[in-house]
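Student: quick one, what's the 3D model for this:
(2 chains)
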Protein chains: 2
Amino acid sequence: MKSGNTERMLRWVCLIGFGWVVGVTVGGTQQATSTIESYRATAEKIIQETMKGNDSFKKLEGLCDDIGHRLSGSAQLEQAVVWAVETMKRDGQENVRAEPVMVPHWVRGQESLAMVKPRAQPLVLLGLGGSIGTPAEGINAEVLVVRDEAELESLGDRVKGKIVLFNNPMPEYTVEKGTQYGTSVRFRSKGASLVAEKGGLACLVRSVTASSLRSPHTGALRYLEDKPKVPAAAITLEDAEMISRFQARGVPVGVTLKMEAKTLEPAKSANVVGELRGSQWPDEVVVISGHLDSWDIGQGAHDDGGGCVQAMEAINVLRRLNLRPKRTIRVVLWTNEENGLAGAKQYAIDHEAELVKHVAAIESDGGSFRPKEYSVECRDEARQAVALEQMKSILDLVSSIGTMTVEADGSGADVGQMKPAGVVLMGHNVEASKYFDYHHSPADTIDKVDPKELSQNVAVMATVAFVLADMPKRVGEK
Amino acid sequence: MKSGNTERMLRWVCLIGFGWVVGVTVGGTQQATSTIESYRATAEKIIQETMKGNDSFKKLEGLCDDIGHRLSGSAQLEQAVVWAVETMKRDGQENVRAEPVMVPHWVRGQESLAMVKPRAQPLVLLGLGGSIGTPAEGINAEVLVVRDEAELESLGDRVKGKIVLFNNPMPEYTVEKGTQYGTSVRFRSKGASLVAEKGGLACLVRSVTASSLRSPHTGALRYLEDKPKVPAAAITLEDAEMISRFQARGVPVGVTLKMEAKTLEPAKSANVVGELRGSQWPDEVVVISGHLDSWDIGQGAHDDGGGCVQAMEAINVLRRLNLRPKRTIRVVLWTNEENGLAGAKQYAIDHEAELVKHVAAIESDGGSFRPKEYSVECRDEARQAVALEQMKSILDLVSSIGTMTVEADGSGADVGQMKPAGVVLMGHNVEASKYFDYHHSPADTIDKVDPKELSQNVAVMATVAFVLADMPKRVGEK
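Tutor: As a prediction, the model looks like this:
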């Protein structure tokens, strides 16, 4: 394992062999480390069983090919709920159930965007989730391109009666900086309200991706409270650049935007739960999870069908190996992650009394590429620090799959709902260089998922979950 | 320059400085080589003038942004003809004219493809150029997936009443093998006739690309004579793979294909011609060319707006430098390359008497990435061999832009029409690793063209054209 970076701890480091560094901390962690090390043979067994063949890709076909995309409120999402319950029952999981949740029901309807000035050409769009629609005749207006909030602000009254396009490129992925989704997504999230506040008629945003083959990427917007609402849609990099080139040449661009988008009454949905019950402390729970819902395009394969089948197959592998941990491993397949988090919020309410017994909650919602890292967070900083150290040891158990790192960082939007309860939360993260090429777009399809990499994720998640559920002390405790 | 590989010639090689190799051949070529070398200062002047700033990207905006895509028979193609004439006149070119050509007039109309079994989902398609349409109610049938002609043949009578999908992946680009477009495109070209012959109702082909974000790529089909015709369309890699996965699992896939495609009466169009007249032998001509038409999607930026503006700007740079060669350099912007080659065929007819005075004809129709290679072909093999050697020397003049190679290989579809007349034909070729990601798709837009690389192509083409038009002997003559 690598030595830790927690300065509070007194360490001595010894170098064994070729760069093999072991950090052992005085005061209890030494024991914890050797305890975790004792799971090495078990980890290897899990890895071998998983990699020699498992049902994860077949499950992903069941979800993505047989059902397809799964937006909250859609018939497909409820088919996915039924499918997940049936599949986990067939696998022999325990306490399999659908836990009811009411979810927002936004529907896209027909939508179109056409450039009408300086010449006629259809443009490619995807309305943003949660957007209101336009009048039936559409919104006909000139487009003003801005790079960011400051440029919008500088336009003052010129925004009135116009459609504003935020053309702010998402930087390319780099190993150092990662994907920079967080900063680039703000125009999609809040742009509509900013435009509406200044008297604009609609908001267009450059799709949040660094790579495009005329590819639109949708996602949720958030109307700010007490602000007027205007319709909003994502357009492709190509079309955003064309409009910007016209503006740079002083050529006015006019468009007609038509969107039937609307929000219906909330719909019935469910989180799907299944368990591998613990042998000794069954009421203590390690959650492993992904979200069942997706946007209404593509297949929701990387986002987040993969996360669901990783969790489903992880306990399946453990069950096949007759590896029953002392605590319960609970698979939770969240509903409505994409546009509301209603599933995660409902779970935190329904299971409130039980959350004190939630030892850890893991979410995989960053795709199913090569496993790379666990991010760890906990409201209790001391617990988080100990958990970080322990996770380094645990991830070293899967080093035959590849080196994985541990970071103190956000975990996942769903498990994040359990943060106030003090649960140790973890993000199961993967190599992300291509993730946003597909994310929220028609190209998020199962062919982008490598069965071997998917299996590697299953093996890692199964091992991590087993050790967390079986080790004598709760993760985060010395 | 690099030493040649033409074994007929007796050579001695001397090494000057750091790896600078000069091959001098006994019997006339020595003189030719030193003659070409005498253009080095001129070449450097052309390169510097071009790279310090030129109008090529602005011209490409005029063509791609202001006009858009330009299918034969469309109003936009005729706008492009007018634009090219006006632009070359404004640049001060000589003998600028539109030479009338009747072109095929295929129109796509509305089209849709929907999977109806095992579940309902719209699929992404682009009808193939030249395809017939379907009945208004569409063609409803089961899909059979085959990899190639042999597998189609093996299905025998099972094809009757079915829609056949050719799902044959185009290999990824490699430096060694290049793009392998030639072998992969055959299903698009001939698939429909093969399917029709066996009683199939329609033909779907996997788009000819190795990279996809749910991206359809169109292109021309060729119905074989005396065979029945069925409609044909390209689908995305993603949808082709999904249908194939269903078939592999024994799940029948049904689709409804609707296409309004039809071929109207031939339309009026034109090749656009403009010249830098020669000072000494003005009736001897070096053609530099690209094609004005494109498919009815995207902007036809790499294919082949870039080729057009390379040629237009090449003589513009020479004119600005007051570099008037002894022979005439003639820009020809072909019409109807994509689906008929009517422009090139008409040129060969209209200029038949003059072709004997065509010293060389160059076509750039492989995109506007970094210039990489000239391919050279001539019906007269001895002339071709000499031209190959001379082109090595000429391309060495532009080595400050980058190393370029020379190959005996096909030139271009348009200039190829002059092959029977014995003209020395050349393809101006570029680094092609990304070309087929965009080719014939909605993503072939101007943002994919790097202004610097476009300028490098202008500089190379201007230099090559000038030397060919100015050197004492005709290219290919010792």
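Student: residues in the stretch 101-250 of chain A within reach of chain B, list them.
Tutor: Applying Cβ under 8 Å from any Cβ of the partner chain, one finds that the stretch 101-250 of chain A approaches chain B through A:118-119, A:121, A:124, A:211-215, A:237-238, A:241-242, A:245-246, A:249. Glycine gets a C-beta too; all of them are placed from N, C-alpha and C.
Student: so which of these belong to strands?
Tutor: Those of these mapping onto strands are A:Gln121, per DSSP state E.
Student: among the residues of the stretch 101-250 of chain A next to chain B, which one sits closest to A:Met461?
Tutor: Nearest to A:Met461 out of those is A:Ser211 (Cβ to Cβ; 27.8 Å).
Student: wait, that closest one touches A:Asp437, no?
Tutor: Yes - using Cβ atoms under 8 Å, A:Ser211 is in contact with A:Asp437, at 4.5 Å.
Student: which neighbours do those two share?
Tutor: B:Leu213 (Cβ atoms under 8 Å, 6 or more residues apart in numbering or on different chains).
Student: spell out the secondary structure type for the residue nearest the centre of chain A.
Tutor: Residue closest to the mean C-alpha point of chain A, counted by Cα atoms, centre = their mean, is A:Asp365 at 3.0 Å. When states are read from DSSP: H, G, I helix; E, B strand; the rest coil, the local structure at A:Asp365 comes out as coil.
Student: how close does it sit to B:Leu321?
Tutor: 59 Å (Cβ to Cβ, to the nearest Å).
Student: which of the residues of the stretch 101-250 of chain A next to chain B sit farthest apart?
Tutor: Going by Cβ to Cβ, the pair spanning those furthest: A:Pro118 and A:Ser211, at 28.1 Å.
Student: neighbour count for these two, which is higher?
Tutor: A:Ser211 (18 against 14; other Cβ atoms under 10 Å in any protein chain shown).
Student: okay, the more buried one: pLDDT?
Tutor: Per-residue confidence (pLDDT) for A:Ser211: 96.
Student: likewise the one 10 residues further on?
Tutor: As predicted, A:Leu221 sits at a pLDDT of 97.
Student: who touches the closest residue to it other than its chain neighbours in this structure?
Tutor: In this structure, A:Leu221 finds its nearest non-sequential neighbour in A:Leu128, 4.3 Å apart by Cβ to Cβ, 6 or more residues apart in numbering or on different chains. A:Leu128 sits next to A:188, A:192, A:205, A:218-221, A:232-234 when contact means Cβ under 8 Å, 6+ apart.
Student: can you check A:His291 too?
Tutor: Applying Cβ under 8 Å, 6+ apart to A:His291 gives the contacts A:304, A:307-308, A:333-338, A:343, A:365, A:414.
Student: most neighbours out of those residues, which is it?
Tutor: Neighbour max across these (other Cβ under 10 Å) = A:Thr335, 35 neighbours.
Student: how much space between that one and chain B?
Tutor: When distance is defined by Cβ to the nearest Cβ, to the nearest Å, A:Thr335 is 20 Å away from chain B.
Student: how about that residue, nearest residue that isn't a chain neighbour?
Tutor: A:Gly343 (3.8 Å).
Student: convert the helix or strand the one you found falls within to CSV, retaining C-alpha atoms only.
Tutor: In the assignment (DSSP states H and E), A:Gly343 maps to helix A:342-350. Extracted in CSV, the C-alpha atoms of helix A:342-350 (Å, rounded to 0.1, in the frame of the first residue of the first chain):
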residue,chain,number,x,y,z
ALA,A,342,-36.1,12.0,-5.2
GLY,A,343,-35.0,8.3,-4.8
ALA,A,344,-32.0,9.2,-2.6
LYS,A,345,-34.0,11.7,-0.6
GLN,A,346,-36.8,9.2,0.0
TYR,A,347,-34.3,6.6,1.1
ALA,A,348,-32.8,8.9,3.6
ILE,A,349,-36.3,9.6,5.0
ASP,A,350,-37.5,6.0,5.0
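Student: get me the contact residues on the stretch 301-450 of chain A for chain B.
Tutor: A:437-438, A:441-443, A:445-447.
Student: now, the contacts of A:His291 that are in helices?
Tutor: Counting by DSSP state H, those place A:307-308, A:343 in helices.
Student: wait, does the helix or strand hosting A:Val460 contact chain B?
Tutor: A:Val460 is located in helix A:451-470, with elements delineated by DSSP H and E. No - applying Cβ under 8 Å from any Cβ, one finds helix A:451-470 separated from chain B by no less than 11.7 Å.
Student: average model confidence for that helix?
Tutor: Per-residue scores along helix A:451-470 average to 98.
Student: one more: stretch A:229-238?
Tutor: 98.
Student: okay, how far is it across that stretch, tip to tip?
Tutor: One end of stretch A:229-238 to the other measures 27 Å (Cα to Cα, to the nearest Å).
Student: for the contacts of A:His291, give me a markdown table that also has pLDDT.
Tutor: Output for those, formatted as a markdown table (pLDDT from 0 to 100):
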| residue | pLDDT |
| --- | --- |
| A:Asp304 | 98 |
| A:Gly307 | 98 |
| A:Cys308 | 98 |
| A:Leu333 | 99 |
| A:Trp334 | 98 |
| A:Thr335 | 98 |
| A:Asn336 | 98 |
| A:Glu337 | 98 |
| A:Glu338 | 98 |
| A:Gly343 | 98 |
| A:Asp365 | 98 |
| A:Asp414 | 98 |
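Student: of the residues you listed, which is the nearest to B:Glu313?
Tutor: Closest to B:Glu313, out of all of the contacts of A:His291 and judged by Cβ to Cβ, is A:Glu338, at 48.0 Å.
Student: A:Trp295 is in contact with the closest one, correct?
Tutor: Yes - contact criterion Cβ under 8 Å: A:Glu338 and A:Trp295 qualify, at 6.0 Å.
Student: list residues touching both of those two?
Tutor: Common neighbours of A:Glu338 and A:Trp295, counting by Cβ under 8 Å, 6+ apart, are A:71, A:129, A:219.
Student: for A:Pro228, helix, strand, or coil?
Tutor: Under three-state DSSP, A:Pro228 comes out as coil.
Student: tell me the contacts of the residue nearest to it when sequence neighbours are not counted?
Tutor: In this structure, A:Pro228 finds its nearest non-sequential neighbour in A:Ala196, 4.3 Å apart by Cβ to Cβ, 6+ apart. Taking Cβ under 8 Å, 6+ apart, we find A:Ala196 in contact with A:203, A:227-230.
Student: give me that answer again for 7 Å
Tutor: A:227-230 (Cβ atoms under 7 Å, 6 or more residues apart in numbering or on different chains).
Student: which one of the residues you listed is nearest B:Asn95?
Tutor: Of all these, A:Val230 has the smallest distance to B:Asn95: 54.6 Å, by Cβ to Cβ.
Student: in the stretch 101-250 of chain A, which spans are helices?
Tutor: Here the stretch 101-250 of chain A has its helices, by DSSP state H, counting those that start in this stretch, at A:149-155, A:181-184, A:186-197, A:237-248.
Student: mean pLDDT for those helices: which is lowest?
Tutor: helix A:181-184 (a mean of 87).
Student: sheet partners, orientation included, of the helix or strand hosting A:Ala361?
Tutor: Here A:Ala361, judged by DSSP H and E, is contained in strand A:358-363. Paired with strand A:358-363 in the same sheet, following DSSP bridges, are strand A:281-291 (parallel), strand A:424-430 (parallel).
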